[in-house]
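Novice: Using only what follows, build the 3D model:
(chains A and B)
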Amino acid sequence: MQTFKTKRRANKAASRLSATIILFFFTGFLLIALKPTTNWQWNKFIMLVLVPLALHFNMNILPRLADMDRLLMCIVNFLCALGILILYSTNADRGIQQAVYYFIGTFFMLICYFFVRFIPSWDWFAWLIFPLSLVLLISPLIFGREINGAKNWIIISGISLQPSEVVKLAAIIVSAFAMSRYKVLPWMIFLFVCVAILMLQKDLGAVLLYFSTCIIMFYAASGSISLIFASLVAGGGAAVFAYFRFAHIKKRVAIWINPWADFENSGYQLIQSLVAIASGGLWGMGLGLGNPSVIPIYYTDFIFSVICEQFGLIFGGFVLMLYAALVIRGTFIARSAQTRFHSLLALGCTTMLCIQTFVIIGGVIKLIPLTGVTMPFVSFGGTSLLSSMGLIGIIQGVASFNGDQLLDDYELTRQDNPQVFGGAV
Amino acid sequence: MAWQHKACRAILKGAIMPYELYELSALAARYWFVFLMAVIVFRSIKWLMRDHSNWKKRLKSVPSAGNVGEAVIVLAKDLQKQGQRLDISREGIIGSHKSCDICIENAGLNARHIYYRFEENHGLYIELIKNSTAVLDDVQLNSNNNKVYILHGSVLIIADIVLKIFFFSGLGVPFVSLDVQNRSALEFLEQNQQRFINYSNPQSTYIGSNNYNNQNDYAENDYEENEYNENEYNENKYNKKQISLNKYEDVVEFKHSSQFTNPDDMQSFESLGGDQ
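Specialist: Coordinates of the predicted model:
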């Protein structure tokens, strides 16, 4: 009776939250649809119907079909839809493209979810993805191309791919597997090779993400302060080495310290970002208003500035709170996991998302030097959205496991059926 | 169809407001969006908090949630540890480091000694980490062993600690062989003591007694051969009397008995129904 009541209350809360989210985006897309344009665009009205429908499916129907965590789905879908809305308000084509990525991302999330949920043994799989991910990571060095100072893109039949984004998932799986069995040496070799390749590609953001996530996972698995301290010293040493070795890192630090020193060239992007945030004020300039396109690459790295400009600082603060809720939920799922591997898997995915959010928002508001990572779920980009949705798929898989095992435990140990010790009964 | 299309287009075109009006609407809508966002965040946080308190309640109602059984220390050099019950989670590590899922502080144990994983209908799959050694139901294990399972009632010896493993019913774990079930933990230890360097320590309570017919003889001879003081003798004799642990009930009884270290407390123990 108690369980039924709790379930009904949870369903009610989920319905209310999803209804509010759908209302938010219906209003948003309606406002954009009513915005006067020079030529008639049917897609405005298609988006007005399609996005809320997709949200309804992902937040209310999919979690029931696949036994997923509904709160996590609500938060993630809100952030994805916010990205689509912001991109659509600034550039319709980019918004539509992002909506397509969102649908593909949902599909990819389901694949990851079913993968975690139903894979019988991780032993062979973890050892298989170990070399595969290294090959994938090396590929941009051989036939990749350099974009924004980093050589981390490959183009396969016209489609651009960033392998470091995909390998993120593999790195977490390998780390969780190795640490759950305390196979430290293979894991250290893997991490070292990954970081070295990323350094060669000059992908500073990815290096920071991989390293920080693995260190936190290692601490969670071992509880060893001395090893963590040694890793941090090594990481600090590597950062100092990178600063003196790579010119573009030196440049980024210089921009961070004083962007006004070269406000027309290297500091221009950061200054425009800060100006956009300031011009939005507390309540923003209004959806579809303002001039976000003056910020170079506003649609990927600087999407948070655009959010603050159009919706205001209060709204920006609420977005950060939603990210915090996502991280708390992920940690909660990791804590409730009943196996060491699943716990580390969920923790790794949550940590990756948390650090990525911190690094990009910190860079945009000039808290830390800017690195080329995207804002999870919101920034424009197929690979980024796919990998973020993949991380959520893994967390959802672990959450589903937790639910099943808790139900088993409840059946085994419920009050009217005292727990008995015995073999195959 | 063409006229319908035209009409529809005209209606929708008419719905599009002039730019000034749009600007005004967007400015007004800012507050609406912030309000909705505040509601979304508030509801999310409320949901988080409610789930957290529900989780705590559930853990209280199902205290063994997440565990598949228990490992009972039936014999250890450190008498304080005897009778200690350790929860077995679905997956984890046995070792002496505090971060281990089953942490047993013992000099003979590696920081991370054994990796284990529960597999339904099979038992507890174990894998030794690095150069660790252990004995499971009289079989010496090392890192080269493939697919070794702990069954219900199995006896696992690590360093100078003898653990008896019990699984909750309903998990489909098979019983260990009758031979193992009927033997006492002490017998296991005596048979396997040569495999561990730690047991060659002359101060150890459990060495130097290979050919005893029963446990009482063992305790008496132990007293005669090794010059233990009377208190030590009584303690050891007392604990050894309870070592034949083939059923879970015995373990519980043993746990009660292990609280008494003073021989004067024997009477209290007997009143609990302890073995004499």
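
Novice: For the closest residue to B:Gln84 other than its chain neighbours, give its distance to chain A.
Specialist: Sequence neighbours aside, B:Ile73 is the residue nearest to B:Gln84 in space, at 4.6 Å (criterion: Cβ to Cβ, 6 or more residues apart in numbering or on different chains). For the C-beta atoms, the positions are set from N, CA and C on the backbone; glycine is no exception. Separation of B:Ile73 from chain A (Cβ to the nearest Cβ, to the nearest Å): 16 Å.

Novice: check which helix or strand covers B:Ile73.
Specialist: strand B:67-76 (DSSP states H and E).

Novice: so what does that strand touch, helix or strand wise?
Specialist: Applying 3 or more Cβ pairs under 8 Å, 6 or more residues apart in numbering or on different chains; DSSP states H and E, we find strand B:67-76 packed against strand B:85-89, strand B:161-167, helix B:185-192, helix B:248-257.

Novice: Just checking: what are the partner strands of it?
Specialist: Partners of strand B:67-76 in the sheet, by DSSP bridges, are strand B:85-89 (antiparallel), strand B:161-167 (antiparallel).

Novice: Kindly export the longest one (C-alpha atoms) in PDB.
Specialist: As requested, C-alpha coordinates have been extracted for strand B:161-167 and formatted as PDB (Å, rounded to 0.1, in the frame of the first residue of the first chain):
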ATOM      1  CA  ILE B 161      41.300 -16.000   9.400                       C
ATOM      2  CA  VAL B 162      38.700 -18.600   8.700                       C
ATOM      3  CA  LEU B 163      35.500 -17.300   7.200                       C
ATOM      4  CA  LYS B 164      32.300 -19.300   6.700                       C
ATOM      5  CA  ILE B 165      30.000 -17.900   4.000                       C
ATOM      6  CA  PHE B 166      26.300 -17.900   4.100                       C
ATOM      7  CA  PHE B 167      23.900 -16.700   1.400                       C
END
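
Novice: For the residue nearest to B:Gln84, name its beta-bridge partners.
Specialist: B:Leu163.

Novice: ok, it touching B:Leu163?
Specialist: Yes - using Cβ atoms under 8 Å, B:Ile73 is in contact with B:Leu163, at 5.9 Å.

Novice: Common neighbours of the two, please.
Specialist: Shared contacts of B:Ile73 and B:Leu163 (Cβ atoms under 8 Å, 6 or more residues apart in numbering or on different chains): B:Leu86.

Novice: re the thing from before, hey, which of the strands paired with strand B:67-76 is tucked in deepest?
Specialist: Among the strands paired with strand B:67-76, ranked by average contacts under mean count of other Cβ atoms under 10 Å in any protein chain shown, first place goes to strand B:161-167 (a mean of 25).

Novice: what's the average pLDDT for that one?
Specialist: Averaging pLDDT along strand B:161-167 gives 85.

Novice: what ranges do the helices span in the stretch 251-400 of chain A?
Specialist: A:268-280, A:303-311, A:313-336, A:340-364, A:382-413 (DSSP state H, counting those that start in this stretch).

Novice: of all those, which lies closest to A:Lys35?
Specialist: The minimum distance between A:Lys35 and those falls on helix A:303-311, with 12.5 Å, by Cβ to Cβ.

Novice: any idea of the mean pLDDT in that closest one?
Specialist: Averaging pLDDT along helix A:303-311 gives 94.

Novice: same question, stretch A:278-291
Specialist: 89.

Novice: which residues are contacting it?
Specialist: A:28, A:31-32, A:35, A:85, A:89, A:276, A:306, A:308-316, B:22-23, B:26-27, B:29-31, B:33-34.

Novice: What is the burial count for A:Ile355?
Specialist: Other residues within reach of A:Ile355, judged by other Cβ atoms under 10 Å in any protein chain shown, total 20.

Novice: now swap in A:Ile21 and tell me
Specialist: Residues near A:Ile21, counting by other Cβ under 10 Å: 26.

Novice: One more: A:Arg335?
Specialist: Count around A:Arg335 with other Cβ under 10 Å applied: 13.

Novice: Find the nearest non-adjacent residue to A:Ile119, please.
Specialist: Closest to A:Ile119 by Cβ to Cβ, 6+ apart is A:Phe125, at 6.3 Å.

Novice: so how far is A:Val116 from that neighbour?
Specialist: In this view, A:Phe125 and A:Val116 are 11 Å apart by Cβ to Cβ, to the nearest Å.

Novice: which bits of the stretch 101-250 of chain B sit near chain A?
Specialist: By the rule Cβ under 8 Å from any Cβ of the partner chain, the part of the stretch 101-250 of chain B lying against chain A is B:101, B:112, B:115, B:117, B:121, B:127, B:129, B:151-153, B:166-175, B:248.

Novice: From chain A, how far out is B:Arg50?
Specialist: B:Arg50 is 7 Å from chain A, by Cβ to the nearest Cβ.

Novice: again, but for B:Val72
Specialist: Taking Cβ to the nearest Cβ, one finds B:Val72 at 10 Å from chain A.

Novice: For the stretch 1-150 of chain A, what lies in contact range of chain B?
Specialist: Proximity of the stretch 1-150 of chain A to chain B, by Cβ under 8 Å from any Cβ, involves residues A:6, A:9-10, A:13-14, A:16-17, A:20-21, A:23-24, A:27-28, A:31, A:34-36, A:40, A:45, A:71, A:74-75, A:78.

Novice: quick one: low-confidence ranges for the stretch 101-250 of chain B?
Specialist: B:145-146, B:178, B:181-250 (pLDDT under 70).

Novice: how about a cut-off of 50?
Specialist: Counting by pLDDT under 50, the ranges of the stretch 101-250 of chain B that qualify are B:197-250.

Novice: residue ranges of the strands in it, please?
Specialist: Per DSSP state E, counting those that start in this stretch, the stretch 101-250 of chain B carries strands over the ranges B:102-103, B:114-119, B:123-128, B:134-136, B:139-141, B:148-150, B:155-158, B:161-167.

Novice: what lines up beside the shortest one in the sheet?
Specialist: So that's strand B:102-103. Every partner of strand B:102-103, by DSSP bridges, with its direction: strand B:91-95 (parallel).

Novice: got the contact list for the strand it pairs with?
Specialist: Strand B:91-95 is contacted from outside by A:180, A:182, A:338-342, B:100-104, B:109-118, B:129, B:158, using Cβ under 8 Å, 6+ apart.

Novice: Sort out which of these are buried, if you could.
Specialist: Neighbour-count burial (16 or more other Cβ atoms under 10 Å in any protein chain shown) is assigned, among the contacts of strand B:91-95, to A:180, A:182, A:338-342, B:100-104, B:109-118, B:129, B:158.

Novice: Near chain B, which residues of the stretch 201-350 of chain A are found?
Specialist: So the stretch 201-350 of chain A meets chain B at A:221-224, A:283-284, A:286-289, A:311-312, A:314-315, A:318-319, A:321-322, A:325, A:328-329, A:332, A:336, A:338-342 (Cβ under 8 Å from any Cβ).

Novice: With adjacent residues omitted, what lies nearest to the residue of the stretch 101-250 of chain A found nearest chain B?
Specialist: Nearest to chain B, among the residues of the stretch 101-250 of chain A, is A:Gly223, at 3.4 Å (Cβ to the nearest Cβ). Distances taken as Cβ to Cβ, 6+ apart put B:Ser99 closest to A:Gly223, at 3.4 Å, once the chain neighbours are dropped.

Novice: Contacts only, for the one you found.
Specialist: Here B:Ser99 is in contact with A:221-224 (Cβ under 8 Å, 6+ apart).

Novice: Great, nothing more from me.
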